[in-house]
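Peer 1: Got a predicted structure plus its sequence, pasted below:
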Amino acid sequence: MPLTALNRNDDAHIVGFKHRPAEPNVLAPGIERPLDVVYDLRAQHANDPQRIADASHEVFKLAAGFYLTILQRAASKALIPKMVNALKAYLNHDRRNGEWLIRELSNWEIIAEMFLQVQGQEMPKLARGLVYCAMLTIYDQEKASLTEYWRGVDGQPRQHAPGSQRQLGPLGNFILLLLSHIYDVKAFTLNLPSYFQILARFASLGPEAREFLLNARVVGRCMDFFFDGASPYRAFFSDMTDLGPLWTREQPDIGLPTTVNQKVRSYFQALQEKRRLHHLASAAPKYKYLMELVSACVRQMQVLGPNRSTPHQQLDASEAGAITGFVSTQESDIFIPEAKFLKKFIAEGRRNRSMLAVARAHCHYAVQDADQVAELFKTVQAGLQDQDYDGLRPFLCLLEVLLETNHEHFASRRATWLSLFIESVKGNAGYYRCMETLFEFIFKIVGRNAAVREWFYSN
């Protein structure tokens, strides 16, 4: 903290020291110096910046441990915003702080306690912000190891055998540790956004992060997680041996996870705990960040259409060595299944951001296969037929992206799709709320898309 920040706002009566001039080096001899000035390492060891940096790192470890174990659980949370901002400043200042925090959190019991076991939403949100800040600070140093992790000795992609020796930094290990427990999150459906937001924010860091997740079969595992019992590939995706050996922080320095003596609990305490776990497991799941994660990873793949052109939804099209397809055929099968299964996934996109992310991802991947394009429109038809007016928007968003994609498999079917869509609109003429949603979509798509506007003019 700058020395000039003390006693600036007429707070001498609070801190017990007289006012000082703006420049601390010209203090009057009669004014007593506060302890933080007397023992300031920056002034005592100005010629030894490494010692100052080491001391700053130790201060961060103590402050982070205090925040995670005490302050965020205190009844009075007035100081939390300032504390979080200070911790983020330390994370941005020294990369070691980010590495230390990620290493300390590389323990599934800590992750579950901080992000999944809680019933409130504010504290996990602030903790996720700290994790994201730590990932940002160390990503540039680790992205090379993320790419090399999945490659063989000759530099070619390969499948890893269990127990093989590979070098992976704390960030990559932390992400794989999260992914290896994806099916354990089923017991905490209330806090699904906390889990998948961390993975989605990691995917947003860069192309290396997205390729790292693609090699870890994250799309297949997320879709298998969503379809649950309806998925035929649960045994395949639940086998985590392809992730390789992962290390866990067995004895963290931050004082977590919290240990509770189950034997001394009263019957009432056990009943309250049972009710709490039931509340966490029975909440309606929200898949917003799961959809964003799947979309970012799928759009990282360099999928080519019939004329070798790249879809406009492509992320980092110029990135060398990008993945051109899923690691396993099971992922392709479960990502675009039959319309009756895909309809369930599309319907969960209740927010504009998530429904647009899902639509772009499916249209991007379907560029290479005419049958998959046809299956996507069948999904739109099924949604328009089965959904009520408040459930039409995700399917209309998918139809909009289908109409806006100009590749051969899409453009050649545009007129047929519009004709079938108008027939669906006529079939819902007696439902006023539904017609209001459909007309709103027609006005929007006609104003945005010139090809659709020409079709309406000619028909």
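Peer 2: Done, it's in. Residues are numbered from 1 along each chain as shown.
Peer 1: Identify all contacting residues around the helix or strand hosting residue 110.
Peer 2: For residue 110, the host element (DSSP states H and E) is helix 108-111. With contacts defined as C-beta atoms under 8 Å, 6 or more residues apart in numbering, helix 108-111 is touched by 104-105, 177-178, 181, 184, 248-249, 252, 254, 256-257. The C-beta positions use only the backbone N, C-alpha and C, and glycine is treated the same way.
Peer 1: Quick check: what element follows that helix along the chain?
Peer 2: With elements assigned by DSSP H and E, the helix or strand that comes after helix 108-111 is helix 122-148.
Peer 1: Export only the CA atoms of the helix or strand that that following helix is followed by, formatted as PDB.
Peer 2: Per DSSP H and E, helix 122-148 leads on to helix 170-180 as the next helix or strand towards the C-terminus. Extracted C-alpha coordinates of helix 170-180, given in PDB (Å, rounded to 0.1, in the frame of the first residue of the first chain):
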ATOM      1  CA  PRO A 170      -0.200 -26.900 -11.900                       C
ATOM      2  CA  LEU A 171      -2.800 -25.300 -14.200                       C
ATOM      3  CA  GLY A 172      -3.100 -28.300 -16.500                       C
ATOM      4  CA  ASN A 173      -3.200 -30.700 -13.500                       C
ATOM      5  CA  PHE A 174      -5.900 -28.600 -11.800                       C
ATOM      6  CA  ILE A 175      -8.100 -28.700 -14.900                       C
ATOM      7  CA  LEU A 176      -7.700 -32.400 -15.400                       C
ATOM      8  CA  LEU A 177      -8.400 -32.900 -11.700                       C
ATOM      9  CA  LEU A 178     -11.700 -31.000 -12.200                       C
ATOM     10  CA  LEU A 179     -12.600 -33.000 -15.300                       C
ATOM     11  CA  SER A 180     -11.800 -36.300 -13.700                       C
END
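Peer 1: where exactly do the helices run in the stretch 301-450 of the chain?
Peer 2: Applying DSSP state H, counting those that start in this stretch to the stretch 301-450 of the chain gives helices spanning 329-335, 339-347, 352-366, 370-386, 393-404, 408-411, 414-427, 432-448, 450-458.
Peer 1: of all those, which lies closest to residue 99?
Peer 2: Evaluated over the helices of the stretch 301-450 of the chain, closeness to residue 99 peaks at helix 352-366, with 30.6 Å, by C-beta to C-beta.
Peer 1: So for the closest one, what gets flagged as buried?
Peer 2: 354-366 (16 or more other C-beta atoms under 10 Å).
Peer 1: How about stretch 73-81?
Peer 2: Neighbour count says stretch 73-81 has residue 80 buried, by 16+ other C-beta under 10 Å.
Peer 1: and the end-to-end length of it?
Peer 2: One end of stretch 73-81 sits 14 Å from the other (C-alpha to C-alpha, to the nearest Å).
Peer 1: about what we covered before: just flag the most distant two among the contacts of helix 108-111.
Peer 2: Spanning the widest gap among those are 184 and 254, at 21.5 Å by C-beta to C-beta.
Peer 1: Tell me which of those two has more neighbours.
Peer 2: residue 254 (20 against 13; other C-beta atoms under 10 Å).
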